[in-house]
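Peer 1: Model the structure of this input:
(one chain, ligands or ions: 1)
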Amino acid sequence: MTDPIAPLTSKDINKDINTAKSADNNAAIVTQMRTLIDTLKTHNYAYYVLDNPILEDSEYDQLRRSLLELEEQYPELVQPDSPINQVGDMPLSAFTQVTHDIPMLSLGNVFDYDELHGFMRRVNDRLNDAQKNPEYEMELKLDGLAVSLKYAYGKFTQAVTRGDGQTGEDITQNAKTIRNLPLWLTAASEIPLLEVRGEVLMPKAGFERLNRLAEEKGDKTFANPRNAAAGSLRQLDPAIAASRPLAFYCYSVNQGLPETIKTQSAALAWLGDIGFSVSAVRVVKNPREAQEYYESVIEKRAQLPFEIDGMVIKVNNLALQQQLGFLSREPRWATAYKFPAETVMTRLNDIEWQVGRTGQITPVGKLEPVKVGGVTVSNVTLHNFGEIQRLDVRAGDMVSVHRAGDVIPKVTRVWHEQRPADSEPVQLPLNCPVCDSPVVLPKDEALARCTGGLFCPAQQQEALIHFVSRRAMDIDGLGASWLISFFEHGLVKTVADIYHLHKHQDELITLEKLGEKSVQNILSAIETSKQTTLARFIYALGIRGVGETTAQNLAQQFGDLDSLMAADIDKLLQTPDVGAITAELTYKFFRAPHNIEVITALREAGVHWDKVEQVVSEGLPLDGQTWVITGALDSMARDEAKAKLQALGAKVSGSISAKTTALLAGDKAGSKMAKAEKLGVKVVGEEEFLALVGRSNV
Ligand code: 9MJ
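Peer 2: The predicted model follows:
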């Protein structure tokens, strides 16, 4: 398709239609019809021939309905090439074309209970009194490709796609590779010609696997299972089709049905008996029962192994089907009861940045509110800056939004062809939208972060809980729930405020019905915590990437806080365990003015530590070695083992790399053991370790 598609939505068109109607101007109506027809045709070609839809299904349905409404109102203006009476567009010419014995028709649609009722009323209107209120049979509406299969005396002979309904493509070779498609039907060996129809689809699990493989190989992925199934069937090389996880589900017998079978439900039961896969079937007596079943299937939809986009409801009695016949190529005896659209198009009005509890800066898409899967959606997560770049999305773009079950809605496609001319690429904010501290996006990282960890209101609760934790400042008795309550009552904001809580003793006692004794315990624990170690203090600051081991290494490397705070990235990188990302995050943390303010306040409140005994490792037995500890040791805690190794001059790191000298492995050593073996790092058991530290008399 070379013609660019006009940036047109159903809303735009409906607005124009209303204007045109009121003017009752035939020329304007014809123009509207032509615009709709051209858009629908372009879409049909892209969808049926190129497998590359240019509109969401829901958008397509709406445009089609708009045209149908116009045609109903102005039958004299119906255009001769209106796609309302046409199923699809011409098939590709590479396969042999086959004319169907009986045309393959499409189904009309209903979208809610009233419309379902309307469908049943129209059926009743054409039946005599004795026939009125017939039984209906309901099936899942499988979202695949309709195909017709022929069997001669039980032997599979031909598979043809629907194509334009009259003529399809011969895909026999590819169909033969579909695992659950029977190539021989013993029970039909007496039937000269059996024609069945159904849907070829790709189950969700197979689709995900196929896309994963394509991604690994750097190939193009498929947008959805339907496209994947279509693309697979249209392979000229059957070996490729054979490698695709396709399935066939049968839903009708069009020639050769045994005469004893009188209903659609019995026909499907027979198809199941002779070897076809058929999907769930339910017979209902009235619209209420139909609605109940429809709703129960919506509930279970997410658990189904394949995608469905609605239910099909059919008059169960086959003789009545025959009697009712067709209207403009749609059966009068069946209709599709569509599910609320799970993917719809809308405009992305804006992109806002939010700050998470650990400082991650995430973009949130602000949508023109739209109903998806029955719920109005106005926000979508865009995950991270990398995702924005991958999608190439901008404020003002038309986007497809997908929401299935309880899943958070997400943008699945950006309609670049409809991008406004004046749109601008999205920029990562330089400063945190909450606290204005600088934002960093470390190289090779997906998530940008706010550097104001100690100060940023979005991160303060996390920072407080981490600060008091046992391995950080170890403020025994000040549990997370009290701390959050103090925070919510405005008694603490930053971690430095913890050391001023004693000024609010009376409030503390009344606040959470804490007894005087408990308050005293908390305050004395706070007082005790002031005497700490530099390593604990660094760890307590909650710098991203700085865990306990790294904090200890930083304390060892720099010896005092001021040197650490002044260190540039190169200096930081000389610390064991500190890689490029941690170095950058640490450097930026100590450059955020608000963090410095909090650190100064902590020191002024009396937080202090003994001078760090910097281990002079020169001449010690393990000088120049880097050890990693994993698993549980019998004879001592890991901290103790670590201290012993450090006393012997070794550096102790938290992760294994090619530079690691040895892995001290206790009980239940996990992934580190595997990694050590892979990298050829020596593994030392507890006995050997004890012999080593024993020999050195530590
Ligand atoms: C789908 N797509 O699952 C029909 N269909 O019947 C079912 N389609 C159909 N039936 C007559 N289950 C025309 C189309």
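
Peer 1: how about stretch 546-554: buried residues?
Peer 2: Residues 546, 548-554 are the ones in stretch 546-554 that count as buried (16 or more other CB atoms under 10 Å). No exception for glycine: its C-beta is placed from N, CA and C like everyone else's.

Peer 1: How about the contacts made by the residue nearest the centre of the chain?
Peer 2: The centroid of the chain falls nearest to residue 410 when counting by CA atoms, centre = their mean (6.7 Å). Applying CB atoms under 8 Å, 6 or more residues apart in numbering to residue 410 gives the contacts 380-381, 401-403.

Peer 1: Drop anything exposed from those.
Peer 2: 380, 401-403.

Peer 1: CSV for these, including distance to the ligand, pLDDT and secondary structure?
Peer 2: Output for the buried ones among the contacts of residue 410, formatted as CSV (distance: CB to the nearest ligand atom, whole Å; pLDDT from 0 to 100; DSSP: H, G, I helix; E, B strand; the rest coil):
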residue, distance to the ligand, pLDDT, secondary structure
380, 29, 94, strand
401, 24, 94, strand
402, 21, 90, strand
403, 22, 85, coil
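
Peer 1: element containing residue 524?
Peer 2: Element membership for residue 524 (DSSP states H and E) is helix 516-529.

Peer 1: Mind checking what helix or strand follows that helix in sequence?
Peer 2: strand 531-532.

Peer 1: For the helix or strand following that following strand, enumerate the helices and strands it packs against.
Peer 2: Downstream of strand 531-532, the next assigned helix or strand under DSSP H and E is helix 534-540. Other elements packing on helix 534-540 under the criterion 3 or more CB pairs under 8 Å, 6 or more residues apart in numbering; DSSP states H and E are helix 548-558, helix 561-566, strand 608-609.

Peer 1: rank the ones you listed by mean pLDDT and give me the bottom one.
Peer 2: Within the helices and strands packed on helix 534-540, confidence is poorest for helix 548-558, with a mean of 92 (mean pLDDT).

Peer 1: which helices and strands sit right next to that helix?
Peer 2: If contacts are counted by 3+ CB pairs under 8 Å, 6+ apart, helix 548-558 sits against helix 534-540, helix 561-566, strand 651-653.

Peer 1: Show me what that helix is in contact with.
Peer 2: 471, 533-536, 538-539, 546, 564, 567, 572, 574-578, 582, 586, 612, 614-615, 646, 651-654.

Peer 1: That helix: how far from the chain's middle?
Peer 2: 38 Å (CA atoms, centre = their mean, to the nearest Å).

Peer 1: could we number from 54 for the rest of this?
Peer 2: Shifting the count to begin at 54 puts that one at helix 601-611.

Peer 1: Return it as CSV; C-alpha atoms alone will do.
Peer 2: C-alpha atoms of helix 601-611 as CSV (Å, rounded to 0.1, in the frame of the first residue of the first chain):
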residue,chain,number,x,y,z
GLU,A,601,26.5,-3.9,53.2
THR,A,602,29.6,-5.3,51.7
THR,A,603,30.1,-2.3,49.4
ALA,A,604,29.6,0.0,52.3
GLN,A,605,32.3,-1.8,54.3
ASN,A,606,34.6,-1.7,51.3
LEU,A,607,34.0,2.0,50.9
ALA,A,608,34.7,2.6,54.6
GLN,A,609,37.9,0.6,54.3
GLN,A,610,39.0,2.3,51.1
PHE,A,611,38.4,5.9,52.2
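
Peer 1: Let's have the contacts of residue 463 in a markdown table, adding distance to residue 405.
Peer 2: A markdown table is the format used below for the contacts of residue 463 (distance: CB to CB, whole Å):
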| residue | distance to residue 405 |
| --- | --- |
| 433 | 11 |
| 434 | 11 |
| 454 | 16 |
| 455 | 20 |
| 456 | 19 |
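
Peer 1: ok, so of those, who is nearest residue 354?
Peer 2: Distances from residue 354 to these, taken as CB to CB, are shortest for residue 456 (12.3 Å).

Peer 1: Wait, that closest one touches residue 429, no?
Peer 2: No: with contact defined as CB atoms under 8 Å, residue 456 and residue 429 do not form a contacting pair (10.4 Å).

Peer 1: Rank the helices and strands of the protein by mean pLDDT and give me the bottom one.
Peer 2: One helix or strand of the chain scores below all others by mean pLDDT, DSSP states H and E: helix 63-76, with a mean of 56.

Peer 1: Not counting sequence-adjacent ones, nearest residue to residue 307?
Peer 2: residue 248 (4.5 Å; CB to CB, 6 or more residues apart in numbering).

Peer 1: Could you do residue 402 as well?
Peer 2: In this structure, residue 402 finds its nearest non-sequential neighbour in residue 419, 5.0 Å apart by CB to CB, 6+ apart.

Peer 1: Tell me how far that neighbour lies from residue 278.
Peer 2: Residue 419 sits 30 Å away from residue 278, going by CB to CB, to the nearest Å.

Peer 1: So between the two, which is more surrounded?
Peer 2: The neighbour count for residue 419 versus residue 278, taken as other CB atoms under 10 Å, is higher for residue 278 (24 against 15).

Peer 1: what's the spacing between that one and residue 202?
Peer 2: Using CB to CB, residue 278 is found at 21 Å from residue 202.

Peer 1: repeat for residue 89
Peer 2: 35 Å.

Peer 1: Could you give the number of residues near the nearest residue to residue 276 once chain neighbours are set aside?
Peer 2: Using CB to CB, 6+ apart and skipping residues adjacent in sequence, the residue nearest residue 276 is residue 466, 7.1 Å away. Using other CB under 10 Å, residue 466 is surrounded by 17 other residues.

Peer 1: cool, and residue 553?
Peer 2: Per other CB under 10 Å, the neighbour tally for residue 553 reads 13.

Peer 1: Pretty sure it sits against residue 658.
Peer 2: Yes: Residue 553 lies in contact with residue 658 (CB under 8 Å); the separation is 6.8 Å.

Peer 1: Tell me the residues of the chain that contact the ligand?
Peer 2: 158, 160, 192, 194-195, 252, 304-305, 365, 387 (CB under 6 Å from any ligand atom).

Peer 1: Looking at those, which is nearest residue 152?
Peer 2: Distances from residue 152 to these, taken by CB to CB, are shortest for residue 158, at 14.5 Å.

Peer 1: quick one on the thing from earlier: next up, phi/psi of the residue nearest to the centre of the chain, please.
Peer 2: With angles defined as degrees, to the nearest 10, residue 463 sits at phi -140, psi 160.

Peer 1: Can you spell out which residues form a bridge with it?
Peer 2: residue 434, residue 455 (DSSP bridges).

Peer 1: Just to be sure, residue 365 is in a strand?
Peer 2: Yes: assigned with DSSP: H, G, I helix; E, B strand; the rest coil, residue 365 falls within a strand.

Peer 1: so it makes contact with residue 302?
Peer 2: No: using CB under 8 Å, residue 365 is not in contact with residue 302, being 11.8 Å away.

Peer 1: pLDDT below threshold where in the stretch 54-203 of the chain?
Peer 2: By pLDDT under 70, the low-scoring segments of the stretch 54-203 of the chain are 54-77, 97-105, 134, 138-146.

Peer 1: residue boundaries of the strands in it?
Peer 2: Using DSSP state E, counting those that start in this stretch, the strands of the stretch 54-203 of the chain run over residues 150-152, 161-163, 189-195, 198-205.

Peer 1: Which helix or which strand is home to residue 442?
Peer 2: Judged by DSSP H and E, residue 442 forms part of helix 438-444.

Peer 1: Run through who's touching that helix.
Peer 2: Under the contact criterion CB under 8 Å, 6+ apart, helix 438-444 has outside partners 404, 414, 416, 435, 464, 467, 479, 481, 494, 499, 501.

Peer 1: Going by distance to residue 328, which of those wins?
Peer 2: Nearest to residue 328 among the contacts of helix 438-444, counting by CB to CB, is residue 464 at 42.7 Å.
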